[in-house]
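>>> structure, please.
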Amino acid sequence: MKISTIILAAGKGTRMRSDKPKVLHAIAHKPLLKHVYDMSSQLHDNTITIVYGHGGDLLKNTLAELRAIWTEQREQLGTGHAVQQAIPQIADADKALILYADVPLLKLATVERLLALANSTTLALLTVNLADPAGYGRIVRNAQSQVEKIVEEKDATAKEKTIQEVNTGIMVVPGLYLKKWLHALKNTNAQGEFYLTDIIEMAVADQISVVTAQPENEDEVLGVNNRAQLNYLERAYQMQQATALMSQGVTLMDASRFDLRGEILAVGQDVIIDVNVVLEGTITLGNNVRIGANCCIKNAVIADDVEILPNCVIEDAEIGAGSRVGPFARLRPGTVLAKQVHVGNFVEIKKSTVAQGSKVNHLSYIGDTTMGCNVNVGAGTITCNYDGVNKFRTVIEDNVFIGSNTQLVAPITIAKNATLGAGSTITKDAPENQLTLSRVKQTSIAGWQRPVKKESN
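Below you'll find the predicted structure:
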């Protein structure tokens, strides 16, 4: 049977106290809705419909890349009414999978298990047992433990409120029957809404089997209604990420102080990551990589035996094998370091390539530069690559030695084996095998006295 997935994303999320739709709030920098979409898009032979409401234009513009059918719920009249908006997308022979955009940690394996239970005469319902079921619809079973109905909290009797098995709202329903039951829904309840859960009683009345499954962990089915719940699921998600990395052999000095806000494409052996490291975008880590505390790394390829010392910021960069970066270094987009490069404290590199064995160890800015092998850049060196309108390139060839506090005014080429004297401002190409320097002649003035502050009367 073909799968027709319906993701309910119309809630305003009043308790989030935010101008943007609730489902655009993020876990690991990914919107809640995107988490659910990405999971469901892995199902085969599947069409996805997103039912939206509040902030619809912003929602669709922000997630325009999603390959889904967008259907508006103009009035918020309950979950049953929301699913009704997707009826045109559901064929009679489909398995209709109903998901919620504010339940971001649901696993594909759980959904696949639920789908396997459903068929043309069976409704499959995901339930969970909670120590504190307050606020959830209760699963009411008969003496034979068969599901009879779901009772919402506000409509439940005192006895029904003691039931710990609750409805997650996630279910797989035969398309033919779902359309029939949605048409028959009524809003005669405490909320005055059309409850999707009422179709359970209709299924029982039509002698359609109602079977249940449960997730491995209750965090999978917890929703987000406020900032505290968002924070809880963020930490739960990050612990899942950390656990998965540790199972691959990565040492995390403190798994509770690690954030992965993207994807690690590959990870080598004996990687060590210190506390408060944030990895974003796509990351590749080679063997024996060490990342110090408080580093933020985004979209980076880090080769074998690289050491990144504490407090570095790295974005859209490549770091070659055996290199060392930091502490307090910044590698900006377009930075490519070859093997055995050293980038030290308070150094910033942008849109530059640095060849094997070169060192930029202290207090320097290197931008729009092509640097050769075995170059030594002294402390306080900067490439002056921007004239206020245009940017120009600096070329530093092999085996150059640059003295401290040197300014290289681009466009400029420093030829191989050149030496630049400390404190120079270099505005012309420097020839190879020569010392080039540019300084004001040093002068000492005899008899000069430092000014003294006059005493007030």
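>>> so where's this structure uncertain?
In the predicted model of the chain, residues 457 satisfy pLDDT under 70.
>>> residue 113 in helix, strand or coil?
What DSSP: H, G, I helix; E, B strand; the rest coil gives for residue 113 is helix.
>>> how about the helices in the stretch 1-150 of the chain?
For the stretch 1-150 of the chain, the helices defined by DSSP state H, counting those that start in this stretch cover 32-40, 56-62, 79-84, 108-117.
>>> reformat those as JSON lines; add distance to residue 2 and mean neighbour count.
Backbone N, C-alpha and C define where each C-beta goes, glycine included. Below are the helices of the stretch 1-150 of the chain laid out as JSON lines (distance: least, Cβ to Cβ, whole Å; neighbours: other Cβ atoms under 10 Å):
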{"stretch": "helix 32-40", "distance to residue 2": "14", "mean neighbour count": "22"}
{"stretch": "helix 56-62", "distance to residue 2": "25", "mean neighbour count": "15"}
{"stretch": "helix 79-84", "distance to residue 2": "17", "mean neighbour count": "22"}
{"stretch": "helix 108-117", "distance to residue 2": "11", "mean neighbour count": "17"}
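>>> those: which one's closest to residue 390?
Between residue 390 and those, the shortest separation by Cβ to Cβ is 33.7 Å, and it involves helix 56-62.
>>> you'd agree residue 263 is in a helix?
No - under three-state DSSP, residue 263 sits outside any helix and is assigned strand.
>>> re earlier: closest to residue 280 out of the helices of the stretch 1-150 of the chain?
The nearest among the helices of the stretch 1-150 of the chain, by Cβ to Cβ, is helix 32-40 at 14.9 Å.
>>> only alpha carbons, please: show the closest one as PDB.
Taking C-alpha atoms only, helix 32-40 is exported to PDB below (Å, rounded to 0.1, in the frame of the first residue of the first chain):
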ATOM      1  CA  LEU A  32      10.900  21.300  14.300                       C
ATOM      2  CA  LEU A  33       8.900  20.700  11.100                       C
ATOM      3  CA  LYS A  34      12.100  19.900   9.200                       C
ATOM      4  CA  HIS A  35      13.000  17.200  11.700                       C
ATOM      5  CA  VAL A  36       9.600  15.500  11.100                       C
ATOM      6  CA  TYR A  37       9.800  16.000   7.300                       C
ATOM      7  CA  ASP A  38      13.300  14.600   7.100                       C
ATOM      8  CA  MET A  39      12.400  11.500   9.000                       C
ATOM      9  CA  SER A  40       9.200  10.800   7.000                       C
END
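>>> from the contact counts, what lies against it?
Packed against helix 32-40 by the contact rule (3 or more Cβ pairs under 8 Å, 6 or more residues apart in numbering; DSSP states H and E) you find strand 3-9, strand 46-52, strand 95-100, helix 108-117.
>>> could I get those as JSON lines with distance to residue 133?
Below are the helices and strands packed on helix 32-40 laid out as JSON lines (distance: least, Cβ to Cβ, whole Å):
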{"stretch": "strand 3-9", "distance to residue 133": "21"}
{"stretch": "strand 46-52", "distance to residue 133": "26"}
{"stretch": "strand 95-100", "distance to residue 133": "18"}
{"stretch": "helix 108-117", "distance to residue 133": "19"}
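>>> dump the helices of the stretch 1-150 of the chain to TSV, plus distance to residue 307.
What follows is the helices of the stretch 1-150 of the chain, written out as TSV (distance: least, Cβ to Cβ, whole Å):
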stretch	distance to residue 307
helix 32-40	34
helix 56-62	38
helix 79-84	52
helix 108-117	36
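>>> which of those sits closest to residue 295?
That would be helix 32-40 among the helices of the stretch 1-150 of the chain, by Cβ to Cβ, at 25.3 Å.
>>> closest one to residue 29 among the helices and strands packed on helix 32-40?
Going by Cβ to Cβ, the one of the helices and strands packed on helix 32-40 nearest residue 29 is strand 3-9, 18.5 Å.
>>> helices or strands up against the closest one?
Using 3+ Cβ pairs under 8 Å, 6+ apart: strand 3-9 touches helix 32-40, strand 46-52, helix 79-84, strand 95-100.
>>> export these to a markdown table and append columns for distance to residue 374.
Putting the helices and strands packed on strand 3-9 into a markdown table (distance: least, Cβ to Cβ, whole Å) gives the following:
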| stretch | distance to residue 374 |
| --- | --- |
| helix 32-40 | 46 |
| strand 46-52 | 55 |
| helix 79-84 | 65 |
| strand 95-100 | 57 |
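>>> tell me which of these lies nearest to residue 186.
Among those, helix 79-84 comes nearest to residue 186, with 9.3 Å by Cβ to Cβ.
>>> beta partners for residue 335?
residue 317 (DSSP bridges).
>>> contacting residues for it?
When contacts are counted by Cβ atoms under 8 Å, 6 or more residues apart in numbering, residue 335 touches 314, 316, 317, 318, 349, 350, 351, 352, 353, 354.
>>> circling back to that earlier point, nearest to residue 156, out of the helices of the stretch 1-150 of the chain?
Nearest of the helices of the stretch 1-150 of the chain (Cβ to Cβ): helix 79-84, 16.9 Å.
>>> dump that closest one to CSV, restricted to CA.
Output of helix 79-84 as CSV, limited to C-alpha atoms (Å, rounded to 0.1, in the frame of the first residue of the first chain):
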residue,chain,number,x,y,z
THR,A,79,-7.0,17.8,14.9
GLY,A,80,-9.8,16.0,13.1
HIS,A,81,-10.5,19.2,11.2
ALA,A,82,-6.8,19.6,10.4
VAL,A,83,-6.6,16.1,8.9
GLN,A,84,-9.8,16.8,6.9
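>>> that one packs against which elements?
Looks like helix 79-84 contacts strand 3-9, helix 175-183 (3+ Cβ pairs under 8 Å, 6+ apart).
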